[in-house]
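Student: Please find the sequence and the predicted model below.
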Amino acid sequence: MTQEIVDHNIKTRENISDKRIGWIDLVRVTSALLVVVAHVGSSYSHALPGTIPNSYWLFSNFLDTFCRCAVPMFLMVSGYLLLSKKKSLWHGYFNRLLKIGIPLLVWSIIYFYVRWWEPTGQTVDNKYQGGFYDALRNILLGNEEHLWFSYAILSLYLVAPIFHSYLKSASRKNKTYFLILCGFICFVWPIISVLLKKLFDVDKVNFNFFLVNSSIGYFVVGYFLGHLTVKTRTFLLCLVSFFAIALAVTWGGLMLSSSSLFPQVENRRISLVYYYNLRIPLALLLFVVIKYVGEMQFYHQSKLSTAISRFAGFSFGIYIVHILVMHILGDGVLGFSFNQYTFDPWFSIPLVSLAVCFVSASMVWLLRRIPLVRWILP
């Protein structure tokens, strides 16, 4: 498979951003849905085992293994689209930055005031006075957690011209080295550092790779995987491997989090490293699986393909507004509550997630029809 990744399909290297590509739309819609599912079910998936029934914990955390692939796949698609361009990335560079920067600024302020006021009109946190200064301070702190993706993608847009030039001129050996380096730093080293901290009884291993992180890794790997010609054998191997790892991660997380070998805080820290590092192969495998399905003939000829392509244009907007929609539906703003606690999580998580996606897409569609407002929902 490594050989296939490195020897990507040259025939598809065209100006791909000028037309819609079925598998990219499928990745975007899947990622948007998974982000919503992650936030709807977070109160269950983040609960410590024993505080909720094990069946609820296993179900929500199995879903969560899928959801952890969402943002990495968004990054991979962005890397594929940008780094595959034939033209220089300096063309339209400023507009791309504004397309991310303006929504980040405006929605950070909107969410600041939404969180600052409770439905009763009382302030949530007295240390903030709710002024514009505090709203800007909130942006600098990055307190709107789900908007961290915008910070990440904005920083990647800034360095994209460098990687665009690198991938055009670098040798095959150099590209292979970069992929191996990213894999080691983002996947292997965090696990080694946790083991070293435990072995030598230190708070941290002060040896960091500042110039390479998982966001850059996903961004560049998306370029290679996007050009990969996925054969049926590769698809089946990736599909089986994904579900095997997902099941192992879910069950292993239950065992690790409830283990009596370590203090509870230590368990939580180890569990986070365990989850966040194993999402790397999961994201890559799921990306390849979706790419294969999106390139199949029957998918292109189905009505589902047309519907998903239309819906894909709302994916980034859904990512931005879905937390607001969850607040409106779940906190009784409309006079009723529809959230993850309405039914058992087996039903409430998927139903609420679909409702939030539909309402979010509708909101994005309506707001985009208003002049100037479309700038805050690209």
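Tutor: Received the coordinates, thanks. Numbering: from 1, shown residues only.

Student: hmm, who's touching the helix or strand hosting Trp57?
Tutor: Counting by DSSP states H and E, the element that carries Trp57 is helix 54-67. Residues outside helix 54-67 that contact it (Cβ atoms under 8 Å, 6 or more residues apart in numbering) are 34-35, 37-38, 41, 44-45, 47, 49, 245-247, 249-251, 253-254, 279, 282, 286, 344-346, 349. Every residue, glycine included, has its C-beta placed from N, CA and C.

Student: Average pLDDT for the next helix or strand after it, rounded please.
Tutor: Downstream of helix 54-67, the next assigned helix or strand under DSSP H and E is helix 70-83. Regarding helix 70-83, the rounded mean pLDDT is 94.

Student: Kindly report the same for stretch 199-210.
Tutor: 79.

Student: how distant is it from the center of its chain?
Tutor: Relative to its parent chain, stretch 199-210 has a centroid offset of 27 Å by Cα atoms, centre = their mean, to the nearest Å.

Student: ditto for stretch 28-46
Tutor: For stretch 28-46, the distance from its own C-alpha centre to the chain's C-alpha centre is 9 Å (Cα atoms, centre = their mean).

Student: List the buried residues for the helix holding Trp57?
Tutor: Under the neighbour-count criterion of 16 or more other Cβ atoms under 10 Å, helix 54-67 has 56-67 buried.

Student: average model confidence for that helix?
Tutor: Helix 54-67 carries an average pLDDT of 88.

Student: ok, now stretch 368-378?
Tutor: In this model, stretch 368-378 has an average pLDDT of 85.

Student: Can I get stretch 23-42 in PDB, CA atoms only?
Tutor: Output in PDB follows, covering the C-alpha atoms of stretch 23-42 (Å, rounded to 0.1, in the frame of the first residue of the first chain):
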ATOM      1  CA  TRP A  23     -15.500  11.100  -3.700                       C
ATOM      2  CA  ILE A  24     -14.500  14.500  -2.300                       C
ATOM      3  CA  ASP A  25     -18.100  15.500  -1.700                       C
ATOM      4  CA  LEU A  26     -18.700  12.200   0.000                       C
ATOM      5  CA  VAL A  27     -15.700  12.700   2.300                       C
ATOM      6  CA  ARG A  28     -16.900  16.200   3.200                       C
ATOM      7  CA  VAL A  29     -20.500  15.200   4.000                       C
ATOM      8  CA  THR A  30     -19.300  12.200   6.000                       C
ATOM      9  CA  SER A  31     -16.900  14.400   8.000                       C
ATOM     10  CA  ALA A  32     -19.500  17.100   8.700                       C
ATOM     11  CA  LEU A  33     -22.000  14.400   9.900                       C
ATOM     12  CA  LEU A  34     -19.300  12.800  12.100                       C
ATOM     13  CA  VAL A  35     -18.400  16.200  13.700                       C
ATOM     14  CA  VAL A  36     -22.100  16.700  14.700                       C
ATOM     15  CA  VAL A  37     -22.300  13.100  16.000                       C
ATOM     16  CA  ALA A  38     -19.200  13.700  18.100                       C
ATOM     17  CA  HIS A  39     -20.600  16.800  19.800                       C
ATOM     18  CA  VAL A  40     -24.100  15.300  20.300                       C
ATOM     19  CA  GLY A  41     -22.800  12.200  21.900                       C
ATOM     20  CA  SER A  42     -19.900  13.700  23.800                       C
END
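
Student: And that stretch, what's buried?
Tutor: 23-41.

Student: Any stretches of the stretch 101-250 of the chain with poor pLDDT?
Tutor: The stretch 101-250 of the chain contains residues with pLDDT under 70 at 115-132, 143.

Student: ranges for the helices of it?
Tutor: Ranges of helices within the stretch 101-250 of the chain are 132-141, 148-169, 172-183, 189-200, 214-226, 232-257, based on DSSP state H, counting those that start in this stretch.

Student: other SSEs contacting the third one?
Tutor: Helices and strands in packing contact with helix 172-183 are listed as helix 2-6, helix 214-226; criterion 3 or more Cβ pairs under 8 Å, 6 or more residues apart in numbering; DSSP states H and E.

Student: which one of those has the most crowded surroundings?
Tutor: Sort the helices and strands packed on helix 172-183 by mean neighbour count, taking mean count of other Cβ atoms under 10 Å, and helix 214-226 sits at the top with a mean of 24.

Student: Any chance you could list what contacts that one?
Tutor: The contact list for helix 214-226, computed with Cβ under 8 Å, 6+ apart, reads 5-6, 8, 72, 75-80, 83-84, 152, 155-156, 159-160, 163, 167, 175, 178-179, 182-183, 185-186, 280, 283-284, 287-288, 291.

Student: among those, which ones are buried?
Tutor: The neighbour count (16+ other Cβ under 10 Å) marks 5, 8, 72, 75-80, 83-84, 152, 156, 160, 163, 167, 175, 178-179, 182-183, 185-186, 280, 283-284, 287-288, 291 as buried among the contacts of helix 214-226.
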